[in-house]
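In: mind looking at a prediction? Sequence and model below.
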Amino acid sequence: MHSHEVMKEVLKKTSAKQIAADMGLSLSLIYKWAEPPDGESGASSPLERVGQMIRITRDPQLAQWVCEQAGGFFIRNPHLLPPTRPLIPITNDIVQEFADMLATIAVSSSDNVITKEEARNIRRRWEELKTVTEGFVTAAESGTFTPPVEPKADGKADGKPAVKPVERR
C-alpha cells in the first residue's frame, strides 16, 4: 500500500481538521498527503519521509520506534525458507529458540532480580524467537511443508503426494 493510500484510510477514521490543528499544519497539507504524488507539490508526506529514512539508514530502530508509538513492536520479515526444507528440523529450531529464551529468563531471574542488561538479553532472545516463528508461519502459509507431488511417466505432476501423509490418532 502506498503512503497516500494509508493516509486516505486514516482520514476516513480521523478528522483531518484535528490532525492539522494538533500538528500546527494547514488542512490542505493534510489532504495533500492523501493524494497520489504528482511530482510538483513538494508536499512529501511524513510516511514517505520515515520510509526514506529507513531505506537510507537501513536501521530497524526507526521502524521499531514507529511501532512503539502505535503500541506494538517491529519484527523483520524472515528470509523465505527453501521449499524443500524438511518440517521436523524447522520445528526443532523453534523449540530450541523457545528453550533458549526460557533458559535466559531462568538464569536472569535466579536471584529474584532482573537487571537492565538481563532484560536486554531476554528481549534479544524473544525477538529471535518471534523471527524464527514468523519464518515458520510464513513458510507454512506459502505451502512449503506440503508433500511433494509425484511426477507421472511424462514428467508432469499428477497431483498425488509423493509421500504418504502420516495418519494421526
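Out: On my side now, so go ahead.
In: so how far is His4 from Asn92?
Out: Using Cβ to Cβ, to the nearest Å, we find Asn92 at a distance of 45 Å from His4. Where C-beta positions appear, they are placed from N, C-alpha and C, glycine not excepted.
In: so between those two, which is more surrounded?
Out: Using other Cβ atoms under 10 Å as the criterion, Asn92 and His4 rank with His4 on top: 17 against 11.
In: what about stretch 91-109, distance to the chain center?
Out: Put simply, stretch 91-109 sits 21 Å off its chain's centre (Cα atoms, centre = their mean, to the nearest Å).
In: oh, I was asking about stretch 7-18
Out: On Cα atoms, centre = their mean, the centre of stretch 7-18 falls 25 Å from that of its chain.
In: what does that stretch contact?
Out: The contact list for stretch 7-18 (Cβ atoms under 8 Å, 6 or more residues apart in numbering) reads Ile19, Leu27, Ile30, Tyr31, Trp33, Ala34, Ser45, Leu47.
In: how about the secondary structure of Pro36?
Out: Classification of Pro36 by DSSP: H, G, I helix; E, B strand; the rest coil places it in coil.
In: so the residue nearest to it when sequence neighbours are not counted is in which element?
Out: Of all residues not flanking Pro36 in the chain, His4 sits nearest, at 5.4 Å (Cβ to Cβ, 6 or more residues apart in numbering). Secondary-structure assignment from DSSP states H and E places His4 in helix 3-13.
In: in the protein, where is pLDDT below threshold?
Out: Residues of the chain meeting the criterion pLDDT under 70: 39-43, 78-85, 148-169.
In: let's see it at 90
Out: By pLDDT under 90, the low-scoring segments of the chain are 1-2, 36-45, 58, 60-61, 64, 68, 71-91, 93, 123-124, 127-169.
In: quick one, strands of it?
Out: Along the chain, the segments classed as strands by DSSP state E run 149-151, 157-161.
In: number of residues surrounding Arg76?
Out: Arg76: 12 surrounding residues under other Cβ under 10 Å.
In: OK, contacts around it?
Out: Pro60, Thr131.
In: circling back: so which of the contacts of stretch 7-18 belong to helices?
Out: Within those, residues falling in helices by DSSP state H are Ile19, Leu27, Ile30, Tyr31, Trp33, Leu47.
In: among those, which two are most distant?
Out: Using Cβ to Cβ, the ones in helices among the contacts of stretch 7-18 span at most 17.9 Å, a distance reached by Leu27 and Leu47.
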